Structures are given as structure tokens and as C-alpha cells.
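Asks: Make a model of this:
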Amino acid sequence: MLPDTHFFAGGVICSINSIIGTILNAMCVLVLARERKLRSHPTTMLIICLTCSDIIYCSFIFPSLAFHYFAGTVPCWHCHENSKFCKLLAFVFYWNHGSLLCIQAALALNRWAAVCTTISLTTRTSLLAVLVCLVYNFFLMSIPLFNIVGHLGYDPLSGTCTIYASPDEMDPNSIILPLGLGLPYIVILFCYTCILRTIRKTNRRIAGHGENLNRKHSVFVHPEIESSMAQTDARFRPNCTLGLPTENRFTAANSQYLNCDNENTVFNSEFADDTKPPQYHKDTESVMCDAIRIRLKSKN
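Replies: Here you go, the predicted model:
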């Protein structure tokens, strides 16, 4: 048996969590419910339902646990056999916890449908999913509630309000745990695994598309033209040249390619009277051609 100081500490912790959790979750519901755009989003409705489930837990379960811990080794007023409040407390605890997990699974399904499929979800489908979660867990908890398998109420062995079974009965947790806990976790794991795989495929596709785009917009420059452009005379001395990074230039067997990354390059040059500056072009190849024409014209 734990000492009274440990029971008192447990009561204090439950009380603090009850006050802070109720206030913060209520503020979250108010903020989400006030915004019409957020309220019309399917995911927001699921988050609001999750927050309401947390409010039930913080405002009802935590105060009952705090009262139980403050009593210490002395049994609380509802801790006895055939206590209806103890039965209600156990039912709300497990039903709320199971519904919380199922709504989290519905939220994972919502995100999976938005990322991995073309299915369009609405607020009506989200509310329907929440209703299915609540009804599903109610049927699960009706097994011990109506004494089909096991019982709900005060357990003398543990001294708490929980699900228990007689020594000669089947354990109800063998049915409730796989269906109430295992199934939601499997759905959550499956959905987020599919989402991660889809994101990885999309990132690879974007990276490959970027490489193809760079190759598509690359410009072939003959080696003689490039050397001719490099040997400028006094009549054509640009103040700024076409600055291309060296890592974007690679040499093949008999050709060189230049990557046209700089679209805003303009030749600011001092030209002769009979020449005109090249016009601005977004296409780098056109800028190069204008520069070559001026170069040849200046030589003539």
C-alpha cells in the first residue's frame, strides 16, 4: 500500500491537470468554432471533437481521480460494490478513451484521403465519422456494461472503478483491447505510412522534373563562338558579362553546354556610334546572338 503522501501528490497533480486542461481545451474550442472558414474545414471538425473529448476527461475523470487520491487509504464514498456512480465513472472513462482513439484514426483517414487519393471530404463526412466512433465504442462498452462478458464497477482487488471479471469468467479485455485499442492504432499506422510514402515519391518526382527542366533550357554554344566572344576588342568591352557558375558548365566530347540560369543579364557596354546595345531578352540564347552580331559588325 502506498503512503498517504503519495496519494496526496496524486490528488494535487490530477487537480492541476483538471483545471489547466479544461481551460485550455475550452479556449481551443472557442477559437476554432468562432472562425467560419476553419469551422467549414473537415479536419477542423475532427479536431473540435477531439478537444471536446479532452474536456470531458479533464472536467469529469480527473476530478473523480483527485477526490479518490485525496481520500488516501480511506475508501471514497463511491468506492464500494454496486455503486452506480462508480459504474458510470468506469463507463465514461473507457468510452471516452476509446472514442478519442477512434477519432484520431478518423483524422488519419482524413489526411490519407487528402494526400494519397482524390476523394473529397466534407464536414458532413467528418461528423458522420465522429458519430460512427461514438456508437462503435458504445457497443464495445455495452459488453461489460450489461454483464455479457465481465463487469463495470468497483474492483476490490485494484480498489478502482474499472472493468473486471470474476475468477470463473472470461476476461473482457481480451475482446475490448484488440477492437478498441488495436484496430485504431493499425488504421493510424497504415494511413501515416501511406502518407510518408506518397510524400517521398512526390519529392523524387519534383527533383527529377527540375533536372529535366534544366536540361531542356540549356543552350549549346560552339567552342569557336565562345572563344570569339571571349576575345573582345576596344570597341566592345562590356562592364558586366554573362556570369555563369562554373559548376553549371560541363564539357562533352566535342561540345560545351551552358546552363541559362541568369534571365536578367543585360550587357551594359560602351559601343561605337554605328552600333546599338542589344535589347533585353529573357531567353539567354537571344542575348548571346545579339552580342555575336555586334561583335561581327564592329569587326567589319
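Asks: What's the end-to-end length of stretch 138-155?
Replies: By C-alpha to C-alpha, to the nearest Å, the extent of stretch 138-155 from end to end equals 21 Å.
Asks: For it, buried residues please.
Replies: By 16 or more other C-beta atoms under 10 Å, the buried positions in stretch 138-155 come out as 140-141, 143-145, 149-155. Backbone N, C-alpha and C define where each C-beta goes, glycine included.
Asks: what's the answer for stretch 167-187, then?
Replies: Using 16+ other C-beta under 10 Å as the burial criterion, the residues of stretch 167-187 that qualify are 172-173, 175-176, 180, 184, 187.
Asks: Give me the contact list for that stretch.
Replies: 94, 98, 101-102, 104-105, 108-109, 137, 140-141, 143-144, 149-150, 163, 165 (C-beta atoms under 8 Å, 6 or more residues apart in numbering).
Asks: again, but for stretch 193-212
Replies: 111-112, 115-116.
Asks: Out of the buried residues of stretch 167-187, which is nearest to His41?
Replies: Val187 (21.1 Å; C-beta to C-beta).
Asks: quick check: mean pLDDT across the host helix or strand of that closest one?
Replies: When secondary structure is defined by DSSP states H and E, Val187 falls within helix 183-216. Mean pLDDT, helix 183-216: 85.
Asks: circling back to that earlier point, what about the buried residues of stretch 138-155, which are in helices?
Replies: 140-141, 143-145 (DSSP state H).
Asks: Distance to Asn82 and pLDDT for the residues you listed - can I get that in JSON lines?
Replies: Converted to JSON lines, these look like this (distance: C-beta to C-beta, whole Å; pLDDT from 0 to 100):
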{"residue": "Leu140", "distance to Asn82": "23", "pLDDT": "94"}
{"residue": "Met141", "distance to Asn82": "19", "pLDDT": "94"}
{"residue": "Ile143", "distance to Asn82": "19", "pLDDT": "93"}
{"residue": "Pro144", "distance to Asn82": "15", "pLDDT": "93"}
{"residue": "Leu145", "distance to Asn82": "14", "pLDDT": "92"}
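Asks: Go through those residues and say which is closest to Lys84.
Replies: Among these, and counting by C-beta to C-beta, the member closest to Lys84 is Leu145, at 11.8 Å.
Asks: My guess is the closest one contacts Leu152. True?
Replies: Yes: contact criterion C-beta atoms under 8 Å: Leu145 and Leu152 qualify, at 5.4 Å.
Asks: Tell me how the protein divides into domains.
Replies: Listed by automatic domain parsing, the domain ranges of the chain are 1-74, 80-216, 219-299.
Asks: Compare the ones you listed and say which comes out lowest on pLDDT.
Replies: Among those, domain 219-299 carries the lowest mean pLDDT, a mean of 48.
Asks: residues contacting the nearest residue to Ala26 once chain neighbours are set aside?
Replies: In space, not counting the residues next to it along the chain, Ala26 is nearest to Ile55; the distance is 6.3 Å by C-beta to C-beta, 6 or more residues apart in numbering. Ile55 makes contact with 21-22, 25-26, 29, according to C-beta under 8 Å, 6+ apart.
Asks: any idea how far Leu131 is from Ile55?
Replies: According to C-beta to C-beta, to the nearest Å, Ile55 stands 18 Å off from Leu131.
Asks: Just put the buried residues of stretch 138-155 in a markdown table and tack on distance to Tyr192.
Replies: Below are the buried residues of stretch 138-155 laid out as a markdown table (distance: C-beta to C-beta, whole Å):
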| residue | distance to Tyr192 |
| --- | --- |
| Leu140 | 24 |
| Met141 | 27 |
| Ile143 | 30 |
| Pro144 | 31 |
| Leu145 | 33 |
| Val149 | 33 |
| Gly150 | 33 |
| His151 | 36 |
| Leu152 | 33 |
| Gly153 | 37 |
| Tyr154 | 39 |
| Asp155 | 36 |
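Asks: Max pairwise distance over those residues: which two?
Replies: Taking C-beta to C-beta as the measure, these span a maximum distance of 20.7 Å, between Leu140 and Tyr154.
Asks: Now do the SS call for the residue nearest to Ala26.
Replies: Here Ile55 is recorded as helix under DSSP: H, G, I helix; E, B strand; the rest coil.
Asks: State the distance from it to Gln104.
Replies: 16 Å.
Asks: Arg124 now?
Replies: As judged by C-beta to C-beta, Arg124 and Gln104 stand 20 Å apart.
Asks: do Pro144 as well
Replies: When distance is defined by C-beta to C-beta, Pro144 is 23 Å away from Gln104.
Asks: repeat for Ala114
Replies: Separation of Ala114 from Gln104 (C-beta to C-beta): 16 Å.
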